[in-house]
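>>> need a structure here:
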Amino acid sequence: MAAQTDSQIYRGEEKIIVSFDIGTTYSAVSFAHAYPGSEIDVKMVPTLVAYKGDKLVACAAEARDYLDDEEYDVAKWFKLHLHPDSMKRSNLQPADRSDDDNISAIIEIPSLPPNITLLRVFSDFMRYLFDGFRSFFEENTPNGLDTWNRLFSSIVIVLTIPNGWDTRQQGFLKQAAQLAEIAQSEDDAELRIEFVSEGEASVHYVLERINHRPWLREGIMFAVMDAGGSTVDSTVYICKELTPVLVLEEAGGAFVDRAAHDLLTRKLSDSQYGDQGIIGDIVHKFEQRAKRIFDGIQEFNVIEFGSRRENDREHDIVQGKLTLSRLEVGKMFDEVIIQIIASFSKLVEGRNIEHLVLVGGFGESPFLRSRLREEYGNKGTEVVTVDEPSKKAAAEGAVLWYTKQMVAKRVARFTMGISLSAYFDKRSKKHMNRRLRAFVDPRQV
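You can find the predicted model right below:
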């Protein structure tokens, strides 16, 4: 929960603002009952949806119980299905953004449950998130039910999206919101649903959470890297003003889990622990602790996955604990980090980036942090991190973004329009100044 500082006091009309950050492995809901001095709440859940046939069974943590049950199908990592092709080809990076998503080369996207569309999965999950948010709001807000009924029709819904998503993905999410009955119609979706890039939302979170005054000054150029489960979005910003308000101008993990799954499958293939269900449990335990604390220094890394009766010394399992060497765990990170560094280096080439602000679930990895400091420290770029967990950065930052937008100018990903030629008018001074550019069209006009 974060209270707004004096410079960020909400001064608009009373309303409810809710943001959904639907991630590859985890999702977060952030909301505020907006009035002067209001606070922001954030809740996180796993991004999972379980079905039996065409019937929805469970979402989020409850869906984990069905992962290894053959009678059920669980949609996971389904966000990856919505990525545009441009995010899968590294040679299509916009000049001032980086979307490190060469997915097809390094990961097999899990298929959707049979006869279940991607739109259905998103709508079911969004309905689950919205219903959970509504229940929490009504139960934890003074006069919650009355407040909800009074403000429901004007609720602002902010959806965070990767830098590489465009109008097609935005339209898809609006459809999902309508199917989930979060928006009542197409016009209602247009009116109440807002989109913000995960990177820009993270900027607002970072500047709320860290003491930026010592290093943030007018004219400074810095980068924010949001390292999430499927995307590593980096954006460069220039600080244009500090007072009276801060104004910024845009200048321009899950893969580690899959690598862990592959390594453990090979390592335990000829043991009693080679079953894919057991491998999945070990990977889940790895993601919960070993992955998050690995710094590339400790020689041995332990994954606790079973009871004390589980022993197989030949495969480094003692009393329910699997021990992996520093080299084994490092290999799980290497390919992903190499791609992150290559993509970010391309983004900042020729620019004097004084600070790299690192957020996101994967951004909490000590190993990623150390590799980035090693790569960019001697180039004059300081890696700045947030002290508290930043998996919720985009969700909380999205609400802050709506209440106080600090990015004044953005770089357009593309433009839309039609070519237009005006009739030449000799009476127009502007036209006469450009008369040498006049021409006769095929109609002899």
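
>>> and the residue nearest the centre of the chain, what pLDDT?
Computing the C-alpha centroid of the chain and ranking residues by CA atoms, centre = their mean puts residue 198 first, at 5.0 Å. At residue 198, the model reports a pLDDT of 85.

>>> Identify the residue spatially nearest to it, adjacent ones excluded.
Nearest non-adjacent residue to residue 198, counting by CB to CB, 6 or more residues apart in numbering: residue 394, 4.4 Å away. (Each C-beta comes from the backbone N, C-alpha and C, glycine too.)

>>> Repeat that for residue 256.
That would be residue 332: by CB to CB, 6+ apart, it lies 5.3 Å from residue 256.

>>> Residue ranges in the stretch 201-350 of the chain under the pLDDT threshold?
Along the stretch 201-350 of the chain, the parts satisfying pLDDT under 70 run over 211-213, 229-231, 242-254.

>>> quick one, helices of it?
254-268, 276-285, 291-293, 326-348 (DSSP state H, counting those that start in this stretch).

>>> Rebuild the ones you listed as a markdown table, extending it with mean neighbour count and distance to residue 421.
Listed next are the helices of the stretch 201-350 of the chain as a markdown table, based on neighbours: other CB atoms under 10 Å; distance: least, CB to CB, whole Å:
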| stretch | mean neighbour count | distance to residue 421 |
| --- | --- | --- |
| helix 254-268 | 19 | 50 |
| helix 276-285 | 17 | 61 |
| helix 291-293 | 17 | 59 |
| helix 326-348 | 18 | 38 |
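
>>> Turn the ones you listed into CSV, columns for distance to residue 221.
Below are those laid out as CSV (distance: least, CB to CB, whole Å):
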stretch, distance to residue 221
helix 254-268, 29
helix 276-285, 39
helix 291-293, 31
helix 326-348, 9
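
>>> Nearest to residue 364, out of the ones you listed?
Of all the helices of the stretch 201-350 of the chain, helix 291-293 sits nearest to residue 364, with 6.3 Å by CB to CB.

>>> which residues are in contact with that closest one?
Contacts with helix 291-293, where a contact means CB atoms under 8 Å, 6 or more residues apart in numbering, come from 253, 256, 257, 260, 332, 364, 365, 366.

>>> What spatial separation is found between the residue nearest to the centre of the chain and residue 16?
22 Å (CB to CB, to the nearest Å).

>>> With residue 124 instead?
22 Å.

>>> And for residue 271?
Counting by CB to CB, the gap from residue 271 to residue 16 is 53 Å.

>>> the more surrounded of those two?
Neighbour count, other CB atoms under 10 Å: between residue 271 and residue 16, residue 16 has more, with 21 against 13.

>>> tell me the phi and psi of that one?
Backbone torsions of residue 16, given as degrees, to the nearest 10, read phi -100, psi 130.

>>> Hmm, residue 30 and it touching each other?
No: with contact defined as CB atoms under 8 Å, residue 16 does not reach residue 30; the gap is 11.8 Å.

>>> Please report the distance of residue 295 from residue 337.
13 Å.

>>> That should have said residue 150, apologies.
49 Å.

>>> Touching stretch 261-274 from outside, list them.
Counting by CB under 8 Å, 6+ apart, 276, 278-280, 282-283, 286, 310, 312, 314-315, 317, 328, 331-332 sit against stretch 261-274.

>>> Please identify which of the contacts of helix 291-293 is nearest to residue 427.
residue 253 (64.1 Å).

>>> tell me, what's touching residue 295 and residue 337 both at once?
Residues touching both residue 295 and residue 337 (CB under 8 Å, 6+ apart) are residue 367.

>>> Let me know the pLDDT of the closest residue in space to residue 295 that isn't next to it in sequence.
In space, residue 295 comes closest to residue 366 once its chain neighbours are excluded; the distance is 3.8 Å by CB to CB, 6+ apart. Reading off the confidence values, residue 366 has pLDDT 90.

>>> quick one: contacts for residue 366?
Residue 366 neighbours (CB under 8 Å, 6+ apart): 293, 294, 295, 296.

>>> Serialize these to CSV and add fields for distance to residue 378.
CSV is the format used below for the contacts of residue 366 (distance: CB to CB, whole Å):
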residue, distance to residue 378
293, 26
294, 23
295, 19
296, 18
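
>>> Now rank these by neighbours and give me the top one.
Ranked by neighbour count (other CB under 10 Å), the contacts of residue 366 have residue 294 at the top, with 22 neighbours.

>>> isn't that one right up against residue 333?
Yes: counting by CB under 8 Å, residue 294 does reach residue 333; the two are 7.4 Å apart.

>>> Name the residues contacting each of these two.
Common neighbours of residue 294 and residue 333 (CB under 8 Å, 6+ apart) are 365, 367.

>>> Run through the residues that contact residue 151.
Applying CB under 8 Å, 6+ apart, the residues contacting residue 151 are 14, 15, 16.

>>> quick one: residue 18 from residue 62, how far?
Relative to residue 62, and taking CB to CB, residue 18 is found at 21 Å.

>>> Look at these two and report which has more neighbours.
Remark: of residue 18 and residue 62, residue 18 carries more neighbours, 25 against 14, as counted by other CB under 10 Å.

>>> Would you confirm that that one contacts residue 28?
No: with contact defined as CB under 8 Å, residue 18 does not reach residue 28; the gap is 11.1 Å.

>>> Work out for me the element residue 165 sits within.
Assessed by DSSP states H and E, residue 165 sits outside every helix and strand.

>>> Okay, now stretch 261-274: how far is its last residue from its first?
11 Å (CA to CA, to the nearest Å).

>>> 194 is where my numbering starts, stick with that
All right, first residue 194 from here; so that's stretch 454-467.
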